[in-house]
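J.: Sequence and predicted model, in that order:
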Amino acid sequence: MKFESVIGLEVHAQLKTKTKIFCNCSTAFGAPPNTHTCPVCLGMPGVLPVLNKKVVEYTIRMAIATNCTVAGQSRFARKNYFYPDLPKGYQISQYELPIAQFGYIDIEMNGDKKRIGITRIHMEEDAGKLSHDPNRPVSMVDFNRTGVPLMEIVSEPDIRSPEEAGAYLRQLRSVVRYLGICDGNMEEGSFRCDANVSVMPMGSETFGTRTELKNLNSFKHVEKAIQFEIERQKEVIGDGGQVIQETRLWDPVKNMTTSMRGKEDAHDYRYFPDPDLLPLVIDEEWVNTVKSALPELPDEKKARFVREFDLPSYDAGVLTSVREIADYFEECLKVFPKAKPVSNWVMGSLLGLLNAEGKSIENSPVAARDLGGLLKLIDEDVISGKIAKTVFDEMAKTGKPPKVIVEEKGLVQVTDVSAIESVVSEVISRCPKEVEGYKAGKKKLLGFFVGQVMKETKGKANPKIVNEILREKLEV
């Protein structure tokens with residue numbers, strides 16, 4: 001029997017506000033345990049939560065960016081469950097009346113676009129953090145994270161493969177970073193994902209029993225965990241068994257999922273409207289104000305790069321995947337306004353350097369204006385493309401501008417025809433067999449001669465002039 005997978009993702013994005021969702025405690029990461037707390041986020045008797053307006057604004061931004069309908073009225077609910085990191089014994093979330101619903105984002109797979117529906121977006125507070133002592137039967141709780149604002153984005157079950165899940169997550173992460181509402185760091189937990197996975201017979205319209213996957217802290221883990229779970233469920237059904245509804249954990253060491261607990265349904269949480277918080281009313285004027293202030297989003301920027309700079313769709317996609325890379329690219333263009341060469345260097349040498357050093361574009365050792373200046377030197381025949389790579393490496397090491405490096409190291413390109421002619425003649429005279437081969441029709445030997453001339457001139461000879469002189473002399 002052939003099966004089709006059905007996947008839905010629940011993404012929690014930690015919002016970049018200075019204070020928590022219902023109190024004035026700081027959201028700064030890394031403080032000593034239990035120092036960013038107060039009676040409100042600790043759930044002390046008699047305290048009242050007060051909603052952070054910035055949390056609402058950030059969530060409206062996301063709703064508009066993902067084509068959702070913003071509700072004129074929404075409300076908060078109490079999600080009841082007991083766990084040591086939840087001081088109130090309930091989590092303030094939204095249930096029946098979320099702030100936004102019925103949106104979508106488009107992803108691209110192998111050149112084809114696919115629309116993934118978004119069921120809802122809602123706001124909620126985060127729980128605390130437990131740490132377990134490996135040497136004693138003791139767990140310690142840090143409530144600093146309690147009350148940190150989260151935005152949950154729930155997709156429709158429109159995803160059909162691990163690759164589509166990865167593409168959807170990357171696109172969502174790109175959007176929240178463009179909006180400036182979340183740093184999108186999966187490793188640190190500020191952008192978290194749970195996956196709901198089921199399989200059904202090919203052609204069926206009835207979904208199978210789903211399992212929920214947790215502990216997915218990278219795009220690679222999301223894709224691998226979903227793939228494992230699909231194969232596991234197919235094997236269970238193939239052996240005559242039944243998939244049970246449960247929550248499973250991904251083990252990245254063993255590359256497998258393991259059962260954690262039975263999957264809860266909504267009724268298990270006994271949701272009810274939070275009596276301490278009034279219904280949230282959002283008028284059209286506020287939505288329009290937020291909408292007018294939105295930045296250019298990834299898809300819009302990609303389309304503009306293709307249209308305005310005549311870049312291939314692939315290049316535009318890479319350059320706009322991260323807002324800071326797109327900004328870097330456009331800064332380069334202010335110095336050297338030729339898009340394709342800039343694109344090639346940013347995607348090749350620059351991103352290769354950053355990946356090798358584990359750095360983000362914001363910490364690039366090569367400034368955008370300096371990369372633009374380097375390309376300008378190539379274009380003006382001051383240095384060759386080969387020498388430019390040496391200059392680039394030196395720029396990355398020292399932070400010096402390209403002109404300074406070229407002058408200090410004497411790397412100016414040789415364009416003197418007579419000087420190059422002399423070297424060409426010398427190379428030809430000592431390679432009679434290769435000359436004979438070239439004249440016999442082995443035209444690929446031209447590359448050999450170019451290489452020899454460049455070697456003699458330490459890469460400084462202008463390659464275009466070298467090629468012209470070689471052809472002229474070898475054709476005689």
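T.: Nice, I can see it. Keep in mind it's a predicted model, so treat the numbers as computed, not measured.

J.: could you pull out the strands for the stretch 201-350 of the chain?
T.: For the stretch 201-350 of the chain, the strands defined by DSSP state E, counting those that start in this stretch cover 211-216, 246-251, 256-262, 272-273, 280-281.

J.: Mind listing what's buried along the second one?
T.: Judged by neighbour count (16 or more other Cβ atoms under 10 Å), strand 246-251 contains these buried residues: 246, 247, 248, 249, 250. Heads up, the C-betas are built off the backbone N, CA and C, glycines and all.

J.: Show me which of these is closest to residue 50.
T.: Comparing the buried residues of strand 246-251 against residue 50 with Cβ to Cβ picks out residue 247 as the nearest, at 33.1 Å.

J.: hey, what's the closest one bridged with?
T.: Residue 247 has these beta-bridge partners by DSSP bridges: residue 212, residue 261.

J.: contacting residues for it?
T.: Going by Cβ atoms under 8 Å, 6 or more residues apart in numbering, residue 247 touches 211, 212, 213, 214, 259, 260, 261, 262, 263, 264.

J.: can you do 10 Å?
T.: Going by Cβ atoms under 10 Å, 6 or more residues apart in numbering, residue 247 touches 194, 211, 212, 213, 214, 257, 259, 260, 261, 262, 263, 264.

J.: what does residue 376 give?
T.: Applying Cβ under 10 Å, 6+ apart, the residues near residue 376 are 335, 336, 337, 338, 382, 402, 403.

J.: buried sites along the longest helix belonging to the chain?
T.: If you go by DSSP state H, the chain has its longest helix at helix 219-238. Along helix 219-238, these residues count as buried under the neighbour rule (16+ other Cβ under 10 Å): 219, 221-230, 232-234, 237.

J.: still on that earlier bit, biggest separation within the contacts of residue 247, which pair?
T.: 257 and 264 (17.6 Å).

J.: More neighbours: which of these two?
T.: Higher neighbour count among residue 257 and residue 264: residue 257, with 23 against 13, using other Cβ atoms under 10 Å.

J.: For the more buried one, which non-adjacent residue is spatially closest?
T.: residue 248 (4.2 Å; Cβ to Cβ, 6 or more residues apart in numbering).

J.: Next, work out how far apart the one you found and residue 193 are.
T.: Distance of residue 248 to residue 193, given as Cβ to Cβ, to the nearest Å: 14 Å.

J.: what touches both of the two?
T.: Shared contacts of residue 248 and residue 193, counting by Cβ under 10 Å, 6+ apart, come down to 213, 214, 215, 225.

J.: In CSV, list those along with pLDDT and distance to residue 199.
T.: Shown next, in CSV, are these (pLDDT from 0 to 100; distance: Cβ to Cβ, whole Å):
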residue, pLDDT, distance to residue 199
213, 95, 14
214, 89, 19
215, 81, 21
225, 95, 15
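
J.: and the residues you listed as TSV, adding distance to residue 151?
T.: Supplementary listing: the shared contacts of residue 248 and residue 193 in TSV, determined by distance: Cβ to Cβ, whole Å:
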residue	distance to residue 151
213	20
214	18
215	20
225	23
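
J.: Between those residues, which sits nearest residue 117?
T.: Nearest to residue 117 among these, with distances taken as Cβ to Cβ, is residue 213, at 20.0 Å.

J.: How about the closest one, nearest residue that isn't a chain neighbour?
T.: Using Cβ to Cβ, 6+ apart, the nearest residue to residue 213 is residue 195, at 4.4 Å.

J.: Residue 170 now?
T.: residue 219 (6.4 Å).

J.: shaky segments in this structure?
T.: When residues are selected by pLDDT under 70, those of the chain lie in 263-266, 413-416, 476.

J.: So in it, which strand runs the longest?
T.: strand 112-125 (DSSP state E).

J.: Measure how far that one is from the centre of its chain, please.
T.: With Cα atoms, centre = their mean, to the nearest Å as the basis, strand 112-125 stands 17 Å off its chain's centre.

J.: Can you name every helix or strand that it contacts?
T.: Strand 112-125 is packed against strand 3-14, helix 53-65, strand 77-80, strand 90-93, strand 100-109, strand 149-155, helix 162-179, with contacts defined by 3 or more Cβ pairs under 10 Å, 6 or more residues apart in numbering; DSSP states H and E.

J.: Neighbouring strands - and their directions - for that strand?
T.: Paired strands of strand 112-125, defined by DSSP bridges, are strand 100-109 (antiparallel), strand 149-155 (antiparallel).

J.: Could you chop this structure up by domain?
T.: What automatic domain parsing lists as the domains of the chain is 3-289, 296-409, 417-474.

J.: neighbours around residue 467, how many?
T.: Neighbours around residue 467, by other Cβ under 10 Å: 15.

J.: Next: residue 331.
T.: With other Cβ under 10 Å as criterion, residue 331 counts 15.

J.: That one contacts residue 371, correct?
T.: Yes - counting by Cβ atoms under 10 Å, residue 331 does reach residue 371; the two are 8.8 Å apart.

J.: list the residues that contact both of those two?
T.: Common neighbours of residue 331 and residue 371 (Cβ under 10 Å, 6+ apart) are residue 342.

J.: which stretches of the stretch 301-450 of the chain form helices?
T.: Counting by DSSP state H, counting those that start in this stretch, the stretch 301-450 of the chain has helices at residues 313-320, 323-335, 339-345, 351-357, 368-379, 385-398, 402-409, 417-429, 432-439, 445-456.

J.: To residue 70, which of those lies closest?
T.: Nearest to residue 70, of the helices of the stretch 301-450 of the chain and by Cβ to Cβ, is helix 323-335 at 23.4 Å.

J.: name the helices or strands packed onto the closest one?
T.: Judged by 3+ Cβ pairs under 10 Å, 6+ apart, helix 323-335 is in contact with helix 162-179, helix 298-309, helix 313-320, helix 339-345, helix 368-379.

J.: From the rest of the structure, what touches the fourth one?
T.: The reference is to helix 339-345. Residues contacting helix 339-345 (Cβ under 10 Å, 6+ apart): 305, 308-312, 314-316, 318-319, 328-333, 335-336, 350-351, 366, 368, 371-372, 374-375, 378-379, 385, 388-389, 392.

J.: what about 6 Å?
T.: 309, 311, 315, 332, 333, 375 (Cβ atoms under 6 Å, 6 or more residues apart in numbering).

J.: who wins for most neighbours among the residues you listed?
T.: Most surrounded of the contacts of helix 339-345: other Cβ under 10 Å gives residue 332, at 27 neighbours.
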